[in-house]
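Visitor: any chance you could fold what I've pasted below:
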Amino acid sequence: AVAYLVMKYKADAGVMISASHNPYPFNGIKIFGGEGFKLPDDLEDQIETLIEQGNFVLATGDGLGQISHSATAVRDYVEHLKSTIPTSLEGMKIVVDCANGSASATAGQLFSQLGADAAILSASPDGVNINEGCGSTHMEALCEAVRSTPDAVAGVAFDGDADRCLFVDEKGNVVDGDFIMAICGLDMQQRGKLRRSTIVGTVLTNLGFARFCEANGMHFAATKVGDRYVLEAMREGGFVLGGEQSGHMIFLEHNSTGDGLVTALQFLAACKRAGKSIADAAAVMTRFPQTLVNVHVNDKHAVDNNAAVAAAVQAAEEAVAWAKRPSMVNPAVTNYDALKLDVQRIVRTTDAGTPVVTMVSVPMAMAHWACLSRMLVMDEPSLAWRIHPQYVEALDSQAGTAWLQIMFADVTGRRPLARSWRHAGCGAVSDR
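Guide: Okay, the predicted model is just below:
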């Protein structure tokens, strides 16, 4: 809200007291320049130095400034939000978690004025309950609320300062920022609104999103982690959509920074245009296995030029490089093309599209099979049916013959279809 209102009121700057997505002891200030953008790092550092050193003179007497309260700020902001979508949300029953933060002042009237039937949760801020067991960092209560609310089509969760937004589908499953970017990006691409057909994410964006972009004729640009780096790349490249897995989305046509309420409206409008439920809309992208671990440190910038950290990162990248480069397969696999044909014979489809299993035996080690099957998914996404790497397992007989256990995945709906297995020497086939 502050970023937009700074520009609307032609103010020199905007200041927000915020704990962002953290508990209240982490409160700080967020400063926006007159154009609605966050201040650059070097300018923030200068301000911090001035404050720490006390190297300034406080105004006194008639030099003091004045404070005035705007009675129209909330209304002006809500009207701007409404103007960002060309449709109402009539007929949508949603559950909204305001994280006992900024969205508490605007979300209720926004969704109500757009015609949605919105149940509002955690909208009673008292100064210390912000993000406390609620909001986009604590999705459990919202998931349960959506499941227990008859006819609810979605749940919306903001963080404390409402610059982030995550969703819950009608089944109570979390829809994170990568899926939000995919759904909104595809919608914008189809309407000719995605400038240069490019979406900006970060190095933590799920690999499945990159594959989604490739499959849909879009480009994915990755930056360092942090919304300021996403915004920087967007401004430099002339792009209009970017974001992070955390739900921090930037729609530059509608605001100069991350805005959770803008994100919520763009996402719901995209699903409504597509005529799809949240779960069905999210099926456009397949998430790849990913693990993120937060490490608490005294200075997060200290790792930027740390040789030991850089070496560890390089080693990790080399260790997983086989997922992208066939040349990284174990040297014992000398005929990659022939092996691919063997694996392809395992999965074939009838004219009706029903998956059929035929088993072949190839004397390969388990690691080779896992590597090959994963590469098959990477290299040949055009297959009508494909092997999902998350469900591949090899079973070795005493003679060393490898058999595959496979979960088939429908590439249009990403739903497991069937599992069939047969061990060496066993004639029975089990379908589940």
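Visitor: give me the buried positions along stretch 50-62.
Guide: Within stretch 50-62, no residue is scored as buried using 16 or more other Cβ atoms under 10 Å. For every residue, glycine as well, the C-beta is placed using N, CA and C.
Visitor: tell me where the stretch 51-200 of the chain has helices.
Guide: For the stretch 51-200 of the chain, applying DSSP state H, counting those that start in this stretch gives helices covering 73-83, 107-113, 140-148, 177-190.
Visitor: could you export those helices as JSON lines, including mean pLDDT?
Guide: Below are these laid out as JSON lines (pLDDT from 0 to 100):
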{"stretch": "helix 73-83", "mean pLDDT": "98"}
{"stretch": "helix 107-113", "mean pLDDT": "98"}
{"stretch": "helix 140-148", "mean pLDDT": "97"}
{"stretch": "helix 177-190", "mean pLDDT": "98"}
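Visitor: so which of these gets nearest residue 171?
Guide: Closest to residue 171 of these, according to Cβ to Cβ: helix 140-148, at 7.5 Å.
Visitor: got the buried residues for that closest one?
Guide: Residues 141, 142, 143, 145, 146 are the ones in helix 140-148 that count as buried (16+ other Cβ under 10 Å).
Visitor: now do stretch 270-277
Guide: Within stretch 270-277, the residues scored as buried using 16+ other Cβ under 10 Å are 270, 271, 272.
Visitor: just put the buried residues of helix 140-148 in CSV and tack on distance to residue 276.
Guide: What follows is the buried residues of helix 140-148, written out as CSV (distance: Cβ to Cβ, whole Å):
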residue, distance to residue 276
141, 26
142, 21
143, 20
145, 22
146, 17
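Visitor: which of these sits closest to residue 124?
Guide: Residue 124 has its nearest neighbour among those in residue 141, at 14.2 Å by Cβ to Cβ.
Visitor: that closest one touches residue 121, doesn't it?
Guide: Yes: the pair residue 141 / residue 121 is scored as a contact, 7.1 Å apart, by Cβ atoms under 8 Å.
Visitor: which neighbours do those two have in common?
Guide: Counting by Cβ atoms under 8 Å, 6 or more residues apart in numbering, the shared contacts of residue 141 and residue 121 are 97, 134.
Visitor: still on that earlier bit, from the buried residues of stretch 270-277, pick the one nearest residue 311.
Guide: Residue 311 lies nearest to residue 270 out of the buried residues of stretch 270-277, by Cβ to Cβ, at 42.5 Å.
Visitor: the closest one and residue 185 touch, don't they?
Guide: No: shown here, residue 270 and residue 185 do not form a contact pair, counting by Cβ under 8 Å, at 9.1 Å.
Visitor: pLDDT weak spots in the chain?
Guide: For the chain, the stretches flagged by pLDDT under 70 are 318-432.
Visitor: mind doing that once more with 90?
Guide: Within the chain, the segments meeting pLDDT under 90 span 18, 28, 40-42, 44, 48, 51, 54-57, 203, 224-225, 289-432.
Visitor: in stretch 183-203, which residues are buried?
Guide: Buried, per 16+ other Cβ under 10 Å, within stretch 183-203: 183-189, 194, 198-202.
Visitor: hmm, which two among the residues you listed are most spread apart?
Guide: Pairwise distances across the buried residues of stretch 183-203 peak at 21.3 Å for 187 and 202 (criterion: Cβ to Cβ).
Visitor: buried stuff in stretch 98-118?
Guide: Using 16+ other Cβ under 10 Å as the test for burial, stretch 98-118 gives 98-108, 110-111, 114, 116-118.
Visitor: in strands, which of the residues you listed fall?
Guide: Under the assignment DSSP state E, these contribute 117, 118 to strands.
Visitor: what are the bridge partners for residue 157, then?
Guide: Under DSSP bridges, the beta-bridge partners of residue 157 are residue 97, residue 166.
Visitor: tell me the contacts of it?
Guide: Contacts of residue 157 by Cβ under 8 Å, 6+ apart are 96, 97, 99, 135, 136, 139, 142, 165, 166, 167, 168, 247.
Visitor: of these, closest to residue 15?
Guide: Using Cβ to Cβ, residue 99 is the member of the contacts of residue 157 that lies nearest residue 15, at 20.3 Å.
Visitor: is the closest one in contact with residue 164, as I believe?
Guide: No: using Cβ under 8 Å, residue 99 is not in contact with residue 164; the gap is 9.1 Å.
Visitor: what do the two both touch?
Guide: With Cβ under 8 Å, 6+ apart, residue 99 and residue 164 have common neighbours 136, 158.
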